[in-house]
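Enquirer: missing the sequence, but the structure's below:
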């Protein structure tokens, strides 16, 4: 009897586009996705005060469960406690991971 | 012969030794640059870039190289000497110094060259902010050609300093 291969841990991310650029974020930061106007969507994120606040995005591409092994920290030269917290490697293409809680605090981020 | 060997030095005299530096040279725009060869890991064809929010324009984005995510630095923008265009002939020079690794945009690769250290002059006077990223300028035998010798450590730390304000 062969041992069952351990499945690699995964994490759920939400994929979206803002100003024509594709980003991803930890799906647990998103309470729900709302429609804003005719075409725009908003990621509803709970702020520090417990209120749900919208982060407007061009489009939401969906949810994906990705291997933790496909996540990377930002390069040392760019490490910063800013909205960009890391990278998801979609094959050979890096997709920037945003911290939506941090994005709420950025002027114009909402 | 025994007598000759006893009089023979163990190592060549200073006059016979010509200290040289091996440079990896490349061109970006109209400027020729060189890194000490030990700072260059490899050269690759430019791949897909992902833009980063809220970074200076000289950080063209990030690039995945063998599973490692690297910042892509445009030297022309960094030095305020123009703007790089990424095309089919563009190459990334993967440069490293200590814990810092980055992809530097190159329009063309010149290759490895060796120069006597005596051919390295101080960088012509400019702003101290720019000067500190260079270890000198190499006079070559080719008319009108000068290779700006980059200090990889200063360049990569300087790029980080400007990309990640304190």
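Expert: Great, that's in hand. As the structure is a computational prediction, the values presented were derived from the model and not from experiment.
Enquirer: just for the chain, where's the confidence low?
Expert: I went with chain A, as the question did not name one. Along chain A, segments meeting pLDDT under 70 span A:1-6, A:80-81, A:107-110.
Enquirer: Switch to chain B, please.
Expert: Scanning chain B with the threshold set as pLDDT under 70 gives B:1, B:9, B:11-18, B:125-129, B:164-166.
Enquirer: what does it put close to chain A?
Expert: Listed as neighbours of chain A in chain B under the rule Cβ under 8 Å from any Cβ of the partner chain: B:47-48, B:50-55, B:59, B:62-64, B:67-71, B:99-102, B:156, B:159-160, B:163-164. To be clear about C-beta, it is placed using only N, CA and C from the backbone, and glycine gets the same treatment.
Enquirer: cutoff 10 Å now
Expert: Applying Cβ under 10 Å from any Cβ of the partner chain, we find that chain B lies next to chain A at B:47-55, B:59, B:61-73, B:98-103, B:156-157, B:159-161, B:163-165.
Enquirer: In chain B, which residue is most central in space?
Expert: Centroid-nearest residue in chain B, with Cα atoms, centre = their mean: residue B:35, separated by 2.8 Å.
Enquirer: by contact count, what packs against the helix of greatest length in chain B?
Expert: Counting by DSSP state H, the longest helix found in chain B is helix B:152-163. Using 3 or more Cβ pairs under 10 Å, 6 or more residues apart in numbering or on different chains; DSSP states H and E, the elements in contact with helix B:152-163 are strand B:31-36, strand B:59-65, strand B:68-73, helix B:75-78, strand B:91-97, strand B:100-106, helix B:128-131, strand B:134-139.
Enquirer: what's in contact with the last one?
Expert: Read it as strand B:134-139. The contact list for strand B:134-139 (Cβ atoms under 10 Å, 6 or more residues apart in numbering or on different chains) reads B:21, B:23, B:25, B:32-36, B:79, B:113, B:115-124, B:126, B:145-155.
Enquirer: residues in chain A within reach of chain B, list them.
Expert: Selection of chain A residues close to chain B by Cβ under 10 Å from any Cβ yields A:18-23, A:69-84, A:86-96, A:98, A:103, A:106, A:109.
Enquirer: Contact partners for residue A:62?
Expert: Contacts of residue A:62 were listed using Cβ under 10 Å, 6+ apart, and they are A:13-16, A:33.
Enquirer: Please repeat the previous calculation with a cut-off of 7 Å.
Expert: Contact partners of residue A:62, counting by Cβ atoms under 7 Å, 6 or more residues apart in numbering or on different chains, are residue A:15.
Enquirer: number of nearby residues for residue B:2?
Expert: Neighbourhood size, residue B:2 [other Cβ atoms under 10 Å in any protein chain shown]: 6.
Enquirer: ok, so what distance separates it from residue B:8?
Expert: 11 Å (Cβ to Cβ, to the nearest Å).
Enquirer: ditto for residue A:21
Expert: Counting by Cβ to Cβ, the gap from residue A:21 to residue B:8 is 68 Å.
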